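A.B. asks: 3D model of this:
(chains A and B)
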Amino acid sequence: MSATPTEQAVTTQQTRSPRFSLGNPWSKPRWLTGVTWVYILWSLLPVLLAIRVAFNEGRSRTSIDGWSLKWFFGDNSFSVFGDPALQDALTHSLLLAGLAMLIATPLGIMLAIGLQRWRGRGSGPANVVALLPLVTPELVFAVGLFLLFTTLLSTIGLGTTAQVIGHVTFSMSFVVVIVRGRLVTVGPDVEEAAADLGAPPLAVIWRVLLPLLAPAIAASLLIVFALSIDDFVVSQYLASGAETATVPMRIYAQARGAPLPSVNALATLMLLFTLLALVLAYVVFRFMTRGEKRGSAIEQIASIDSGGGR
Amino acid sequence: MSEGDIRLEGLVKNYGDVVAVDGIDLHIPSGEFFTMLGPSGCGKTTTLRMIAGFERPTEGQILLDGVDMSSTPPHKRRVNTVFQNYALFTHMTVAENVGFGLRYQKVSKDEAKRRVDAVMEMVQISELGERRTSELSGGQQQRVALARALVLEAPVLLLDEPLGALDARLRLDLQVELKRIQEQLEVTFIYVTHDQDEALTMSDRVAVMKGGKIEQCDVPQKLYEEPNTAFVANFLGSANLLSVEARAAGAGCDVILGNFTLKSESKPEQAGVGTAMIRPEYVKLEPQGSEGENRIPGMVEEVVYMGFHQDVRVRLANGELIRADVPNDGDSPEYEQGNAVAVHLRAANLRVLDDYPDQAADETSGDADIAAV
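C.D. replies: Residues are numbered from 1 along each chain as shown, chains lettered A, B, ... in the order given. Predicted coordinates:
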């Protein structure tokens, strides 16, 4: 018999039981569902475990040991609100995140508008460069900034200013992506329409462009906040001493030194802040764009969420 | 009222090496409904955008009531635009959208409110004032866009394919309404479209554009009945195009089609080899052997039933294929493939075009002897 390999393959497929999903295109994709669930549980497990330890009664960070809130609020000097070092870290993290948010967002908006409008020579490379921080290894980026602030920009030096500049630099790319998505949704016509109706250039920006960008602006603020508060590498490299330690830095240091569940408590608080910022970003964006057709901007927010854990 | 007189002088727009508008001279008198008609890429929208001020002309002048405004920024031009996709401000209510432009005119609050109410009533959206624009249908959004532009009472209104995104039924309603509003306000309308029906039904005058130039500019009836070029003939309605030789004869000319000599009442710019045009509805089919001038024997090759008429394709004795629209009015005979007929091409309707033969050949290549839009 001279059956070609293709014919043989067809015959084997047909004889297979239809319950085997790989041979049956109409079956439910049980395999994929299974893999997805395993992944979700696996990725949540360590986080949940770490959170659970934060509520430990005992001092152990390696085993689950009763229930209490003492590592959060306990009056001993080891709880988050009892240990001045942990408190300072929290304050410093919030300060950095607040400043980064307030600086990166306006700059990112301007950059986004500029890139969106720029046609002609140089606009292509500029687009790539503006998004480069999204893919640059953070360590490379941090080492580079470290060298910059210790040599060329030694007048600024290491410390809070350098940390803020570092956070602003890498988080601006995210603002650019979010705002540009919105700019595409809004389209160039509304600005022309406003000018056509007699609005001078500044009025076009204040009364039309910025209000229409508001959802993206709100989302940007909160995502920059989340990115900054999460950051370890840049903060670590640009820190100048104990007073510029952030929460992730403190957690890292403590975990290597004398680990207590209070570190987990602090991490739990940070996780809460980050989640809150992201959920708020999503809700605000959805609220402000209610009634509009669901555009690509929302999907972009969703993709940023996953990028937030860089 | 003599405001709203637009004059374009030698208007040119280049984008790098690409010529979008290639020298347009045009006078649009006050209160005219003027349409720029053409396929995409013919330069009609670019011309409109230059009048609005969104694009700067490479060369030439744009005069409004005798004053050159080609270097006036858009927000200072007394010209308003209705955009193809409406470009409404989605963060404002309908009434806020309509009243937007009045903020930048020296108008009291009461006066502004009165004018917003009046214009919203005119375009029949009075009850929608507090709605958000995202809650409106396409037709309602179009009305808001129109009201927003009209409320400023500028002498010229520019409309960039304003009905393009609406369904056919709604388009017809709004065509009638646009025309009514234009006549009521006596505002100059400059209307851009690629839809020949819109152009024919609403306009006082139509400019057919092609390749950044005006191909022919005239009142709709003249444009339809007496096109100068094959492009215009094809773009407005459908046309039979025949390769002929024209010879001057008296007030009209003789048209040589193979072995046949036909009369035409048109007088081409130059005699010689060229293109003759006749609309399918003017091609009359008569029984085989009927006598008289401008009759050519032929054989029915194909009949397509089109509802209110039959589209009958007849192969003429000289080999050309010609299309005749035979009305389904109960009186006309029904034709079948293979019927022998005499085709009557009336001298009044047979028109020799101004195209040079090579130009005409460009546009009528292949099967486009019988070209329909």
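A.B. asks: who touches residue B:300 in this structure?
C.D. replies: Taking C-beta atoms under 8 Å, 6 or more residues apart in numbering or on different chains as the criterion, residue B:300 is in contact with B:312-314, B:335-341. Every residue, glycine included, has its C-beta placed from N, CA and C.
A.B. asks: ranking the residues you listed by neighbours, who comes first?
C.D. replies: residue B:312 (27 neighbours; other C-beta atoms under 10 Å in any protein chain shown).
A.B. asks: What count of nearby residues applies to the residue lying closest to residue A:157 once chain neighbours are set aside?
C.D. replies: Counting by C-beta to C-beta, 6 or more residues apart in numbering or on different chains, residue A:149 is the residue found nearest to residue A:157 once chain neighbours are left out, at 6.1 Å. Counted with other C-beta under 10 Å, the neighbours of residue A:149 add up to 23.
A.B. asks: quick check, residue A:149 in a helix?
C.D. replies: Yes. The assignment for residue A:149 by DSSP: H, G, I helix; E, B strand; the rest coil puts it in a helix.
A.B. asks: want to throw the contacts of residue B:300 into JSON lines with secondary structure?
C.D. replies: Formatted as JSON lines, the contacts of residue B:300 follow (three-state DSSP):
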{"residue": "B:312", "secondary structure": "strand"}
{"residue": "B:313", "secondary structure": "strand"}
{"residue": "B:314", "secondary structure": "strand"}
{"residue": "B:335", "secondary structure": "coil"}
{"residue": "B:336", "secondary structure": "coil"}
{"residue": "B:337", "secondary structure": "coil"}
{"residue": "B:338", "secondary structure": "coil"}
{"residue": "B:339", "secondary structure": "coil"}
{"residue": "B:340", "secondary structure": "strand"}
{"residue": "B:341", "secondary structure": "strand"}
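A.B. asks: Quick check: of those, which lies closest to residue A:192?
C.D. replies: Proximity of the contacts of residue B:300 to residue A:192 (C-beta to C-beta) peaks at residue B:313, which lies at 47.6 Å.
A.B. asks: Count the residues that sit near the nearest residue to the closest one once chain neighbours are set aside.
C.D. replies: Nearest non-adjacent residue to residue B:313, counting by C-beta to C-beta, 6+ apart: residue B:302, 4.4 Å away. For residue B:302, the neighbour count with other C-beta under 10 Å is 13.
A.B. asks: so who does residue B:302 touch?
C.D. replies: B:312-313, B:337.
A.B. asks: What separation do you get for it and chain A?
C.D. replies: Residue B:302 sits 45 Å away from chain A, going by C-beta to the nearest C-beta, to the nearest Å.
A.B. asks: Next up, phi/psi of that residue, please.
C.D. replies: For residue B:302, the backbone dihedrals (degrees, to the nearest 10) come out as phi -160, psi 140.
A.B. asks: Low-confidence ranges, the chain, go.
C.D. replies: Because you didn't say which chain, this covers chain A. A:1-23, A:74-77, A:258, A:290-310 (pLDDT under 70).
A.B. asks: that's the wrong chain, I meant chain B
C.D. replies: B:1-2, B:356-373.
A.B. asks: Kindly recompute the last result at 80.
C.D. replies: B:1-2, B:165, B:269-270, B:355-373 (pLDDT under 80).
A.B. asks: Tell me the helix or strand right after the longest helix along it.
C.D. replies: In chain B, taking DSSP state H as the definition, the longest helix is helix B:168-185. Later in the chain than helix B:168-185, the nearest helix or strand by DSSP states H and E is strand B:188-193.
A.B. asks: which residues sit against the helix or strand following that following strand?
C.D. replies: Scanning forward in sequence from strand B:188-193 by DSSP H and E, the next helix or strand is helix B:196-202. Helix B:196-202 is contacted by residues B:33, B:35, B:37, B:163, B:171, B:175, B:178-179, B:182, B:191, B:193, B:206, B:220, B:224, B:235-237, B:373 when judged by C-beta under 8 Å, 6+ apart.
A.B. asks: Any buried residues in helix B:196-202, and which?
C.D. replies: Neighbour counts over helix B:196-202 (16 or more other C-beta atoms under 10 Å in any protein chain shown) mark B:196, B:198-200, B:202 as buried.
A.B. asks: roughly how far out does the next helix or strand after it sit from the chain middle?
C.D. replies: Heading C-terminal from helix B:196-202, the first helix or strand you meet, by DSSP H and E, is strand B:205-210. Mean-position distance between strand B:205-210 and its chain equals 6 Å (C-alpha atoms, centre = their mean, to the nearest Å).
A.B. asks: interface residues of the stretch 101-250 of chain B facing chain A?
C.D. replies: B:101, B:103-105, B:132, B:134-135, B:148-149, B:152 (C-beta under 8 Å from any C-beta of the partner chain).
A.B. asks: circling back to that earlier point, what helices or strands is the longest helix of chain B leaning on?
C.D. replies: helix B:138-150, helix B:196-202 (3 or more C-beta pairs under 8 Å, 6 or more residues apart in numbering or on different chains; DSSP states H and E).
A.B. asks: ok so, going back, just the buried ones from the contacts of helix B:196-202, in ChimeraX syntax?
C.D. replies: This is how ChimeraX selects the buried members of those, with burial counted by 16+ other C-beta under 10 Å:
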select /B:33,35,37,163,171,175,178,179,182,191,193,206,220,224,235,236,237
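A.B. asks: Doesn't residue B:86 belong to a strand?
C.D. replies: No. Residue B:86: not assigned to a strand; according to three-state DSSP it is coil.
A.B. asks: how close does it sit to residue A:217?
C.D. replies: To residue A:217, residue B:86 is 24 Å away according to C-beta to C-beta, to the nearest Å.
A.B. asks: and residue 63, how many neighbours?
C.D. replies: With no chain named, the answer covers chain A. Counted with other C-beta under 10 Å, residue A:63 comes out at 8.
A.B. asks: try again with chain B
C.D. replies: Neighbour tally, residue B:63, other C-beta under 10 Å: 15.
A.B. asks: thinking it is in contact with residue B:4, fair?
C.D. replies: No. Counting by C-beta atoms under 8 Å, residue B:63 does not reach residue B:4; the two are 11.7 Å apart.
A.B. asks: ends of stretch B:37-47, how far apart?
C.D. replies: Terminal residues of stretch B:37-47 lie 12 Å apart, using C-alpha to C-alpha, to the nearest Å.
A.B. asks: What residues sit buried inside that stretch?
C.D. replies: Taking 16+ other C-beta under 10 Å as the criterion, stretch B:37-47 shows B:37-38, B:42-47 as buried.
A.B. asks: now swap in stretch B:8-22 and tell me
C.D. replies: B:8-9, B:11-13, B:19-22.
A.B. asks: Give me the distance between the closest residue to residue B:179 other than its chain neighbours and residue B:42.
C.D. replies: With C-beta to C-beta, 6+ apart as the criterion, residue B:179 has its nearest non-adjacent residue at 4.9 Å, and that residue is residue B:202. Using C-beta to C-beta, residue B:202 is found at 19 Å from residue B:42.
A.B. asks: Walk me through the domains of chain B.
C.D. replies: B:6-222, B:232-371 (automatic domain parsing).
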